[in-house]
Structures are given as C-alpha cells and as structure tokens.
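Peer 1: from the sequence below, what's the structure:
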Amino acid sequence: MKKLLISPSQMSLGEQENQIYQNILKQSSELSLNLMAVKVENHPDDFLLWCYELLNASKDRMNYDLLEPQQLPVLKKLHDQLISAISFLQVKTLRVAPWPIVTTFIEQHKDLIALDEQLRLTSYIASIRPQSLKDMIPEDLLAFSGKHMASLDPSTYNFDVEWFASTKSAKAFHQLLADMPDAFDDALSNIPLEGNITHYEYQQFVAAYLKAFSDGNEKPTLAPATRLLAMRRPDVFTPISNNRLDALCGALGVSKLKNTDFERYWQDIVQKIQTLSWFKMAKADNELEEQLVSIKALIPCFFYYADTTTADSSNYIKLLSKPKRSTSGTGKTKRRGKESAEILVDRALAADDIPEHIRSKRDSIINEVQKGRGVNETISLMRTIFG
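Peer 2: Now for the predicted structure:
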C-alpha cells in the first residue's frame, strides 16, 4: 500500500491532477494504519487507474471492523474525492478524444452506466417533447423535469427519470412547475426544437425562466434550468448537478460555476463543449451512434464515475423490486388522475400484440389504473380473466 500511495509522485501530473493527489494524500493520512493493512498487488502507472485501485482497496478490501467511528466520515470523504477525481479524469479525455474513441468508451461501459435504460429515457422524452409542459400528464412532467416519484409505473416508465441530472432537491422549482407550467413553457418556447440556437434565444429563455420565480421568495438556480434545456435540446445543452459540477468544470478547464451563473453556463459549458473535436465530428455509422448523435450534448454524463452498483441504484430497478401492492384493501395506493390513466392505458393498448377483446375492456382497465394499479399489471390480469 505504501508503494501505491507514493507512486503518483513519480508520474507526470498536471497542476490539477497534482492538487487532487495532494488532497487525497491528506485524507489518506488519517487512515494510514488501516490502509497499510490492505494488500495491494496492482500498481498502475496511470493516475486514473491509480484512483480506481485506491478506491477499490479502501472500499472493498479494507477491514471496516478495525475502523474507529470517527474514521468513517473520513473514509467516506476519501471515497468521494476519488470518485470525483475519476469523473474529472474521464470527462477530461473529452477535450482531445475523437468521436470513434468516445463511442467506443460508451459501448465498452454500457452495462456499468445502464446505457440501454438511459437511452430509453431519451427516446421517451423525444416522444413527448413536442407537447407543452402545461399539456403533459403529471407523470410525463416528472419524466421531463427529472424527479422520481412512486407514481411512475415501471411498466410504462421503464427507466429512472433522474438520469441526466436529478432535480428532486429543487422543491421550489417543482412547486412552481406544478402551479404554473405555462410560465416555463414561455421560457422553453425561446429554444427552437431544431437547428442552431443563438445566444439571444438562450438569453430570452433565461429572462423568462427568472421571471417565473419573480413572485416568490425562492431564488432561481441553474441546475433545474439546465435539465429543462437538456431535455428540450439534448444535442445542445449539457445538464449540470451540484455533485458533479466540480468534475465537469475542472475537466473543461473552467472555474466552477455558481448556481446562479446563467451566462457563464452558456459560455463555459455549452459553447466550450461545442468546440471539442468529437462534438463537431459526431456522425452515425450504426444504430447506437445514431442515438448518440441526437443527444450528443448529454455524452459527458456517460463519462462520470460508475461502478457495478450504479445500474442497480436506478429508481426504475428499485420500483421493479418492490413487492406488489396489497389487494386486501389494507394497503394504501396513490390514485391517478383520469386523464393520466386514459393516456397511459391508450398507449399500452396501441401495442400490436393487444387483442381486440382486451381493447374492448378499456374503460375497466382505466378504472383500475386510476386506483393505482400498474397498466401492464391490469392488462395482464384482464388477459388471465378473459383469455
């Protein structure tokens, strides 16, 4: 372990990497005795791989029983530093990587990053994007704005809506979005669905977005706005989140954005990414690349740290793993609005494999879905009853 800890001092590290290394060393010093007890056989000569090895050693091979209670927060901080460092180093490769290297990385890591699930989300968003926010059913509005709730039926929403920057902590934003979605429609209407987006059009969006908050006490913040922009135009806008902002800004070589700095987001994130070679040369030679080209501004999100637990941490996977709701009448389930139930049922009944005698039970299916039962669960029950 001692050899592993000092090996980056022999590497040719840049200023940012060296500062990261010194911070990690400082954190490691408080755990030195525990770390020294971990056997290390792999000694990478690359700083990114070094971060992975130290994270693995301190996370999966350390004897937690020997840790004092006060050391646990220190260990967590060390893990957070290493994860942030890995995200920074991987996103930084986008400064120089050509398009083929970018797509190869994504394909090689598709299981770790739950790529299929993330692409199901982007495909679903594409299908509802032409609608105004005001006209969306509540479930679709949650999907577009990035907030998971248990009302999202996994048979319809077969993805975690919080991929690409969760907004679940932005309570004021979601309250305003629910109360006056037309105000956010006014903002998004300045961003065309196709073609180039000018600085002026972005400024008009910002002005309307800020205006939506003008009657309240809450200040508008940048992260939820970037989620709306990224879902409106995933080929132009990269969403940001507080826990990954350090890594993204560091990787792009810009100082960290404040959560209210809308102008610098345009200059230092949107325009900076558009100058990168892979972004400019993005083209589709296969089905996967065709999907990636259409959401190319989201690609930095695929380069953040992911491990074997990332895919299983999806809210969609967790919902699938939940026990079925009680039918005894003692369990509480969240009722859906009739409009939501009708739209969700009609989408499901439009599938080619639904027989006509099941479609004829539309009203009965809607009634069950309104009570909180899943769409596919209800249709399956109808198939069982009526053959």
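
Peer 1: can you give me the neighbour number for Asn243?
Peer 2: For Asn243, the neighbour count with other Cβ atoms under 10 Å is 14. All C-beta spots, glycine's among them, are computed from the backbone N, C-alpha and C.

Peer 1: quick check, Gly337 in contact with Ile137.
Peer 2: Yes. Between Gly337 and Ile137 there is a contact at 7.4 Å, judged by Cβ atoms under 8 Å.

Peer 1: between the two, which is the more surrounded one?
Peer 2: In this comparison of Gly337 against Ile137, neighbours counted by other Cβ under 10 Å, the higher total goes to Ile137 at 18 against 12.

Peer 1: gap between the more buried one and Gln131?
Peer 2: Taking Cβ to Cβ, to the nearest Å as the criterion, Ile137 is separated from Gln131 by 9 Å.

Peer 1: also Asp352?
Peer 2: The spacing between Asp352 and Gln131, counted by Cβ to Cβ, is 24 Å.

Peer 1: higher neighbour count, the two?
Peer 2: The neighbour count for Asp352 versus Gln131, taken as other Cβ under 10 Å, is higher for Gln131 (14 against 4).

Peer 1: check the secondary structure at the more buried one for me.
Peer 2: Assigned by DSSP: H, G, I helix; E, B strand; the rest coil, the conformation of Gln131 is coil.

Peer 1: tell me who's in contact with the nearest residue to Glu162 once chain neighbours are set aside.
Peer 2: Spatial nearest neighbour of Glu162, chain neighbours left out: His148 (5.1 Å); criterion: Cβ to Cβ, 6 or more residues apart in numbering. Taking Cβ atoms under 8 Å, 6 or more residues apart in numbering as the criterion, His148 is in contact with 142, 160-162, 166, 168, 315.

Peer 1: pLDDT score for His148?
Peer 2: Reported pLDDT at His148 in the predicted model: 95.

Peer 1: now do Leu320
Peer 2: Note for Leu320: predicted pLDDT of 84.

Peer 1: what strand or helix carries it?
Peer 2: helix 315-321 (DSSP states H and E).

Peer 1: host element of Thr167?
Peer 2: Take DSSP H and E as the rule and Thr167 turns out to sit in neither a helix nor a strand.

Peer 1: burial measure for the closest residue in space to it that isn't next to it in sequence, as a count.
Peer 2: Take Thr167 and drop its neighbours on the chain: the residue closest to it by Cβ to Cβ, 6+ apart is Gly146, 4.2 Å away. Counted with other Cβ under 10 Å, residues neighbouring Gly146 total 27.

Peer 1: repeat that for Glu68.
Peer 2: Glu68, neighbours per other Cβ under 10 Å, totals 9.

Peer 1: just His357 next, same as before
Peer 2: Other residues lying near His357 total 11 when counted by other Cβ under 10 Å.

Peer 1: so it is in contact with Ile379, correct?
Peer 2: No. Here His357 does not reach Ile379: they are 11.9 Å apart, not a contact under Cβ under 8 Å.

Peer 1: please report the distance of Thr198 from Leu188.
Peer 2: Separation of Thr198 from Leu188 (Cβ to Cβ): 15 Å.

Peer 1: quick one, which of the two is more surrounded?
Peer 2: Taking other Cβ under 10 Å, Thr198 and Leu188 do not tie; Leu188 has more neighbours (20 against 11).

Peer 1: let me see the contact set for Glu17.
Peer 2: The neighbourhood of Glu17, defined by Cβ under 8 Å, 6+ apart, consists of 8, 47, 89.

Peer 1: 7 Å instead?
Peer 2: Under the criterion of Cβ atoms under 7 Å, 6 or more residues apart in numbering, the neighbours of Glu17 are Phe47.
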